[in-house]
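Would you be able to build a 3D model of this:
(chains A and B)
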Amino acid sequence: MLEMLATNMPPNVELQDRISQFQKELRSLGGQCHLAAKPVELPNIILEIVLNANCKLAIIESCIDNNDEIRSTLTKHGIDALHIQDSQPHTLEFLSKADVGITHADMAVSQTATVIIRTARDEDRLVSCLPRVHIAIVSTTRLVEKLTDATQYLKRNLQTNEPCVISFASGPSRTSDIEMKQVLGVHGPHEVHVILLEQ
Amino acid sequence: MTDLKDKILEGIENTTQRRALGAAMRRGRDGRATALQILDQPDKLRERVRRTKEEAIANLDALLEEFTLNATKRGATIFLAKDGSAAVNYIAEIAKVNKAKLITKSKSLTSEEIEMNPPLEAMGYEVVETDLGERIIQIAKEKPIHLVFPAAHKTVEQIADLFSSGQSKIQPDHPAIMKFVRENLRNIFLSADIGVTGANVAIAETGTIVIETNEGNARLVSSIPKIQVVIMGMEKIVPSVENAIDMIQAHPTSATGQQLTTYVSFISGRSPLNDQQRRELYIVILDNGRTKIRSDLDIREALYCIRCGACMNICPTYEVVGGHVFGYIYPGPIGIPWTAGVHGLENTDFAALCISCGLCHEMCPADIDIPYLIAKVKEQQNEERGQSFVNKVMIRSDEFAKIASTVAPISNWALRQTSFRYLLEKTLGIDRRRRLPKFSRGTFDVWWSRHTPTMEESHRKVAYFVDVYANYNRPDIGIGAVTLLEKCGVEVVVPEQRTSGMPYFSYGELEKARATASYNVEHMLPFVRKGYCVVATEPTATYCFKELYPRLLKNDESRLVAQHTNEYLDYLTTIESFKASIKKVFSGKAGFHISCHQRALGKVEATLDLLRMTGLDVKVIETGTCCGMGGTFGLKAGVLGYGLSTEVGLPLFELFKKSEIEFGLTESSVCTMQLEQGTNLRFDHPVALLTAAVDGRSEYLDNIRTRD
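Numbering: from 1, shown residues only, chains lettered A, B, ... in the order given. Reported below is the predicted structural model:
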């Protein structure tokens, strides 16, 4: 996994600049960015988002490291939280009922406010597709400036022999198909939160 | 053609559609302009996209093999479909074997191309489009009006009606419709047996399919059903991940002005979902005429299209009539060569709607010479069914100008007689409503034959290209052009020449266009080799030398002449002594119109500065697109000519009328004709104005304002 994540971080733009650019771009796309100084802060940040969005059922993707703490924090506040692996065989049912999906992201791109999520199983992919709120957690060490900074990452991961899907997501789902008026939240999440974890 | 004319009239009269479509196109144009400012070196990206497509199409066989190998390694099944029915039959067989009932689709223009839904529906499968725009079109039983905005012509009321059924009325507002669509489609997504997606890009080195969406529907279509079918044109394959990253940026910047679409999915094989046993991925790679397009090097670049829709966002006649008239299944400018290639020449009547403004080429993120591809389609049409009489007349308009000039002023009198104009319309097909410019008895040619050029050796040398208008209608422009240069010590010659030949190109007479190009290049060449610069006072002529002739002739000579060709006023801006000679004798406001062919030549700022030195307040007045004249197009009688031309021009006419200018300036003779008639203002050529300013004739402005 670590080797797959290895990338050449561009030295030209300082991390703080990338963070502020990511925040600004995500905001302009209708998403929200949060900063976590340490992993222990994650459960409470997530809880706040979940409460504000009035979520009752949360689904957590399999790549989230400290998902037990996240789950117990949410449960303590009356929110059902389920690990995706525990949803079988009713995964689709749970996913379509869930209000919020919590996932990792391998990388983030500040210029376009994109999170990059690699999934090897489609139930993991659906965690960021079906619920109306999507929370993605990404380390600031994985925050790059430009799309092209993700080239090597993409190449390495797409060249493995196992099937996989790499998803770029930049802000909430949207359409302008009716009278060119932009509306957020069509088939994908209406609300997107990205938590940048400073490490 | 009668059918086409009826459809044009319907389009013109459908004001609701025009307003909606116009708004969509403006948004596309403005979005693109903004995105290009944000993008890091947009020109470089354009070059890379062009090169990637060139190389990919050149090596298509090898790339197909590489893609197939790599996709198969990850469990995908590849099927090469030679045409639409092979593709549809294959997909139907998959549905049958798997006892499918419900098929969900994300947006796929390729599936529109092969008209996949009706036969599948006839076999009893329920096929549901999940992209909102496509869903609207599916329920309305229409074809997309635009590549990127398929339902751009529908109002919120019409859409609410479409989604309403007996029991449930949907409110005509965005949130209500969105809520309905989301809930309505949710169950369909979850219970689909097969998901059909398109592909924006396919990566050979990894066997990956790349899908872009904003709504997120393709993610659901590609993940939930047991079976995923990808339908893609064979031209979508690029060699590497690097190429794909360029493509996913070029596409949305040109389509909607986004830096990226909200979602981009790189799908490498089919991922498992829980414990489902069979999770299959079929990739149908469609030929359907593409190999034939590829084999003809002259039109091969049609395959470089990345389906961004930018060419239709700038197309002046498309804006009036929309993609249901200006299109078969593929709409807009690039739709013309594509329709010829995949749906056959018999479906390309709408090619006549192209008025050769050339703006689509300027917009194309893959630098496709769309005007040339369209001219090739027109050429094939001519070979098949002959050139229309009225087009033959238009092609020979320079000969008519010569005759009219010889018999002037009688011709001018006659051209203002209703009965004569009626006769002209009946016999030649020139619309009687079109106000024609006056012809001059004295021509530039005669003046030049009596003129003694300054014989001094000069390091500045110009070979002047006159064209029709500055010869037969306004010789003062040609004479002024030569005189201004000579006054600055520039040596001027007027080599043997024909007219620019643009009408040949516009009406698909490519052999004749080539002959004219060849003649003009041949006669300019010796001078260019001796250090002369070719200049023309007609932007279309400059455009021909710089852009069109090299495309037509594809030789070093035409490229050399092109390199040494300059727009007349651009050339003047380089002469310091000329600037010093301009007297500030005028005051007042003038509006400048940039002709389409001048746009292709570059910025006009330096020209405007020159004109402002006369004391005039000059500003550009523009809609960003064409005035509608389209060379000789606006002369032609009826709706496929004067009628449509005027409709195209209306927004620009309005801007001019509201602008509080006293008169207009433009270098193009045909735009002058169109704008004078449309705005009731007088227009003049900048050379005439500058000549007066250098001579200190301040009364010249009154001449312009009062000229009839």
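
all helices for chain A, in order.
A:2-5, A:15-28, A:42-52, A:67-76, A:91-97, A:122-127, A:151-158 (DSSP state H).

and those as JSON lines, adding distance to chain B and mean pLDDT?
Where you see a C-beta, it was placed from the backbone N, CA and C, and this is true even at glycine. Conversion of the helices of chain A to JSON lines gives the following (distance: least, Cβ to the nearest Cβ, whole Å; pLDDT from 0 to 100):
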{"stretch": "helix A:2-5", "distance to chain B": "14", "mean pLDDT": "49"}
{"stretch": "helix A:15-28", "distance to chain B": "8", "mean pLDDT": "96"}
{"stretch": "helix A:42-52", "distance to chain B": "19", "mean pLDDT": "97"}
{"stretch": "helix A:67-76", "distance to chain B": "19", "mean pLDDT": "92"}
{"stretch": "helix A:91-97", "distance to chain B": "5", "mean pLDDT": "93"}
{"stretch": "helix A:122-127", "distance to chain B": "4", "mean pLDDT": "96"}
{"stretch": "helix A:151-158", "distance to chain B": "4", "mean pLDDT": "95"}
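
Dump these into TSV; add mean neighbour count as well.
What follows is the helices of chain A, written out as TSV (neighbours: other Cβ atoms under 10 Å in any protein chain shown):
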stretch	mean neighbour count
helix A:2-5	10
helix A:15-28	17
helix A:42-52	18
helix A:67-76	17
helix A:91-97	18
helix A:122-127	26
helix A:151-158	19
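
Now distance to B:F389 too, for those, in a markdown table please.
Below are these laid out as a markdown table (distance: least, Cβ to Cβ, whole Å):
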| stretch | distance to B:F389 |
| --- | --- |
| helix A:2-5 | 68 |
| helix A:15-28 | 56 |
| helix A:42-52 | 71 |
| helix A:67-76 | 77 |
| helix A:91-97 | 64 |
| helix A:122-127 | 61 |
| helix A:151-158 | 57 |
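
between these, which gets nearest to B:D570?
helix A:15-28 (39.0 Å; Cβ to Cβ).

and the residue nearest to the spatial centre of chain A, what does it touch?
What sits nearest the mean C-alpha location of chain A, by Cα atoms, centre = their mean, is A:A136, with 2.1 Å. Going by Cβ atoms under 8 Å, 6 or more residues apart in numbering or on different chains, A:A136 touches A:103-105, A:115, A:117, A:128, A:169, A:192-195.

distance of it from chain B?
Per Cβ to the nearest Cβ, to the nearest Å, A:A136 is found 13 Å from chain B.

Which pLDDT value goes with residue 141?
Going with chain A. If you check A:T141, the pLDDT there is 95.

Chain B was what I was after
Note on B:K141: pLDDT of 93.

I'd like to know the phi and psi angles of it, please.
Main-chain dihedrals, B:K141, degrees, to the nearest 10: phi 60, psi 50.

again, but for B:A202
Taking degrees, to the nearest 10, you get phi -130, psi 140 for the backbone angles of B:A202.

Surely it touches B:V210?
Yes: B:A202 is within contact range of B:V210, at 7.0 Å (criterion: Cβ atoms under 8 Å).

in the stretch 451-600 of chain B, which spans are strands?
Secondary structure of the stretch 451-600 of chain B by DSSP state E, counting those that start in this stretch: the strands cover B:461-465, B:491-493, B:533-536, B:565-567, B:589-592.

Just list what the first one packs against, helices and strands only.
To tie it back to what came earlier, the one meant is strand B:461-465. Contacts defined by 3 or more Cβ pairs under 8 Å, 6 or more residues apart in numbering or on different chains; DSSP states H and E place strand B:461-465 against helix B:475-487, strand B:491-493, helix B:510-529, strand B:533-536.

hmm, try it at 10 Å
Packing contacts for strand B:461-465, counted by 3 or more Cβ pairs under 10 Å, 6 or more residues apart in numbering or on different chains; DSSP states H and E, involve helix B:475-487, strand B:491-493, helix B:510-529, strand B:533-536, strand B:565-567, helix B:568-572.

buried stuff in the second one?
For strand B:491-493, burial by neighbour count (16 or more other Cβ atoms under 10 Å in any protein chain shown) applies to B:491-492.

Parallel or antiparallel, which strands does it pair with?
The pairing partners recorded for strand B:491-493 under DSSP bridges are strand B:461-465 (parallel).

The strand it pairs with versus helix B:510-529: what angle between them?
Put simply, strand B:461-465 runs at 160 degrees to helix B:510-529, going by axes from the mean of the first three to the mean of the last three Cα atoms, to 10 degrees.

Give the rounded mean pLDDT of strand B:461-465.
Strand B:461-465 comes out with an average pLDDT of 97.

For it, C-alpha coordinates in CSV please.
Extracted C-alpha coordinates of strand B:461-465, given in CSV (Å, rounded to 0.1, in the frame of the first residue of the first chain):
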residue,chain,number,x,y,z
LYS,B,461,8.2,46.3,-49.9
VAL,B,462,4.6,45.3,-50.3
ALA,B,463,2.7,43.2,-52.8
TYR,B,464,-0.9,44.4,-52.6
PHE,B,465,-3.8,42.0,-53.0
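
With neighbour numbers in mind, choose between B:A202 and B:V210.
With neighbours defined as other Cβ atoms under 10 Å in any protein chain shown, B:A202 and B:V210 compare such that B:A202 has more, 28 against 24.

which residues does that one contact?
Applying Cβ atoms under 10 Å, 6 or more residues apart in numbering or on different chains, one finds that B:A202 lies in contact with B:56, B:63-64, B:67, B:70-71, B:208-210, B:230, B:232-238, B:244, B:267, B:283, B:285.

how does it look with 8 Å?
B:A202 neighbours (Cβ under 8 Å, 6+ apart): B:67, B:208-210, B:232, B:236-238, B:283.

try B:I227
Taking Cβ under 8 Å, 6+ apart, we find B:I227 in contact with B:94, B:98, B:100, B:193-195, B:278-282.

coming back round to it: quick one: closest of the helices and strands packed on strand B:461-465 to B:A692.
Taking the helices and strands packed on strand B:461-465 one by one with Cβ to Cβ, helix B:475-487 is closest: 8.6 Å.

From the contacts of B:I227, which land in helices?
The helices, defined by DSSP H, take in B:I94 from the contacts of B:I227.

In terms of model confidence, name the weakest of the contacts of B:I227.
B:R278 (72).

can I assume that residue is in contact with B:K226?
Yes: under the contact definition of Cβ under 8 Å, B:R278 touches B:K226, with a separation of 5.8 Å.

Name the residue in those two with the higher neighbour count.
B:K226 (17 against 8).

who's in contact with the closest residue to B:T104 other than its chain neighbours?
Spatial nearest neighbour of B:T104, excluding adjacent residues (Cβ to Cβ, 6 or more residues apart in numbering or on different chains): B:A192 at 4.0 Å. Residues in contact with B:A192, defined by Cβ under 8 Å, 6+ apart, are B:102-104, B:128, B:221, B:224-225.

now with 10 Å?
Here B:A192 is in contact with B:100-105, B:126, B:128, B:130, B:220-221, B:224-227 (Cβ under 10 Å, 6+ apart).

Out of those residues, which end up buried?
Buried members of the contacts of B:A192, scored by 16+ other Cβ under 10 Å, are B:100, B:102-105, B:128, B:130, B:220-221, B:224-227.

Just give me the neighbour total for the residue lying closest to B:F683 once chain neighbours are set aside.
Excluding the flanking residues, the one nearest B:F683 by Cβ to Cβ, 6+ apart is B:G664, at 4.1 Å. The number of residues packed near B:G664 is 22, by other Cβ under 10 Å.
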